[in-house]
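> Sequence and predicted structure below; questions after.
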There are 2 protein chains.
Amino acid sequence: MERVFVFDAYGTLFDLGSMQSHLEARWPSYGSIIMQLWRLKQLEYSWLRTLMGEPFVDFWIVTKQSLQFALSSAGIILSQSDVEKVASEYHRLKLFPEVRAALQTLPARCAILSNGSQSMLDALVANAGIGAELDEVISVDAARAFKPHPRCYALVESVLHVAPKNVVFISSNSFDVSGAKRFGFTTVWLNRSPPEDAIAPVDPSQLYRLMRTQPEQLDAIPDYTCASLERVRRALKI
Amino acid sequence: MERVFVFDAYGTLFDLGSMQSHLEARWPSYGSIIMQLWRLKQLEYSWLRTLMGEPFVDFWIVTKQSLQFALSSAGIILSQSDVEKVASEYHRLKLFPEVRAALQTLPARCAILSNGSQSMLDALVANAGIGAELDEVISVDAARAFKPHPRCYALVESVLHVAPKNVVFISSNSFDVSGAKRFGFTTVWLNRSPPEDAIAPVDPSQLYRLMRTQPEQLDAIPDYTCASLERVRRALKI
């Protein structure tokens, strides 16, 4: 039985931290709020558009429209081309430190399955220089839907010719893990920022973190939870 | 041509403000953060569950699971029956002040179309004493999906026998207005809390407000935007 490792991209392999620094440098003291609104709306729009159905627009459009929303909320009006410039930082995201080594040493085929459009993902993989480590870079474009719609996860079988039960799917996005688990993949929730367990750190200005780093209540428990990719092999005993 | 007025329920006819007061009274200084997380997750789960497909669970389950998530984020662990007790405040929400008079004087059939389960909505309408003002109280239950899935809006025609073009749909939820507009309804976005236009009031602890009171970037502009139901008749010239 061949096992294949499939990774989410944004927040899982690629660190969005640099984005917030760019925003903060350009709009001092607004970096965090713009970033939180942007990412919350980006996912929200991906879900809403999938629910509303055709016409499908790709993640590049969704990314720019959600940025536009976040900027307006902060009273910032930019031209379309300036919005595009800010968003294009998405093509230059850095890998999390352990990713390259993890991809190089996993004794199995590796692929990406991401909401990103094919051209966003191709630019990202090329800039990070991990093309040789990946067997496929799968965009949801072909499914004309965003995760967690089952059509997205179904692309893995059609592209890699591997049954869902032989797929280990790794994502830092807990909703993504829920969708993948329901679809039939073996799932690893990569929770890179485990919340402190005391009540004190509940900070209203960190709503994004609170929204995204708790286990979801969606009746789909991840098979494994790890704090970094280095832990995945040990957790899966490979 | 008969025109029918269809209203969203939560936040549109019914005020959720009392909910936050209850939470704040029970968990001092945590009312706002719990409420924000609860409502953001409640919608998020309604969308995610619709995207993931069967099994459908109704809005009562979604409401309890999202409350559970919000409470855990604040480090609060309650039993299932205590969670149920907190959530059951949803059955006793008060109408916004102008709603009763507006429903009584609109010269047309009026109905509710809400994500709420049929039993949640029946309790709500009975407690508020507006049963006589409404021709139908339509839950999305029968569509086995949540708004903005088109199957939900399609229930209006099957229940009220009115073509989409003759429906005026009124909601305070901008995503709901986007979905209804795309479906073919005439739409009114009831923005009860228009954001200040200066940059100063951008308050990171008010992420919920920022997420919900700006026009969406979803390529579906509401036909009308009003600050209260009293303005709707004037806007539509009736």
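That came through fine.
> Give me the buried positions along the helix or strand harbouring residue A:102.
Taking DSSP states H and E as the definition, one finds residue A:102 inside helix A:99-105. Residues of helix A:99-105 classed as buried: A:99, A:100, A:102, A:103 (neighbour count, 16 or more other C-beta atoms under 10 Å in any protein chain shown). Glycine gets a C-beta too; all of them are placed from N, C-alpha and C.
> how about the second one, what does it touch?
In this structure, residue A:100 makes contact with A:130, A:133, judged by C-beta atoms under 8 Å, 6 or more residues apart in numbering or on different chains.
> and what of the first one?
The neighbourhood of residue A:99, defined by C-beta under 8 Å, 6+ apart, consists of A:13, A:130, A:229.
> Just among those, which is most surrounded?
Counting neighbours by other C-beta atoms under 10 Å in any protein chain shown, residue A:13 leads these with 30 neighbours.
> Okay, the closest residue to that residue other than its chain neighbours and chain B: tell me how far apart.
Using C-beta to C-beta, 6 or more residues apart in numbering or on different chains and skipping the chain neighbours, the partner closest in space to residue A:13 is residue A:99 (5.0 Å). Here the criterion is C-beta to the nearest C-beta, to the nearest Å. By it, residue A:99 lies 27 Å from chain B.
> ditto for residue A:94
25 Å.
> ok so residue A:110 is a helix residue?
No: Residue A:110 sits outside any helix when classified using DSSP: H, G, I helix; E, B strand; the rest coil, being strand.
> Could you report the neighbour count for the closest residue to residue A:166 other than its chain neighbours?
Nearest residue to residue A:166, sequence neighbours excluded (C-beta to C-beta, 6+ apart): residue A:3, at 5.4 Å. Residue A:3 has 16 neighbouring residues, counting by other C-beta under 10 Å.
> Need the contact partners of stretch A:123-142.
A:4, A:6, A:9, A:13-14, A:58-59, A:90-95, A:99-100, A:103-104, A:109-118, A:120-122, A:146-147, A:152, A:155-156, A:159-160.
> Which of those are buried? Put it as a ChimeraX command.
Only the buried entries of those go into this ChimeraX selection, using 16+ other C-beta under 10 Å:
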select /A:4,6,9,13,14,58,59,90,91,93,95,99,100,103,110,111,112,113,114,115,116,117,118,120,121,146,147,152,155,156,159,160
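> Okay, domains of chain A per the record?
Listed domain ranges for chain A are A:4-15+A:92-236, A:17-90 (source: automatic domain parsing).
> Need those domains in JSON lines (columns: mean pLDDT and distance to residue B:28).
Listed next are these as JSON lines, based on pLDDT from 0 to 100; distance: least, C-beta to C-beta, whole Å:
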{"stretch": "domain A:4-15+A:92-236", "mean pLDDT": "92", "distance to residue B:28": "12"}
{"stretch": "domain A:17-90", "mean pLDDT": "94", "distance to residue B:28": "25"}
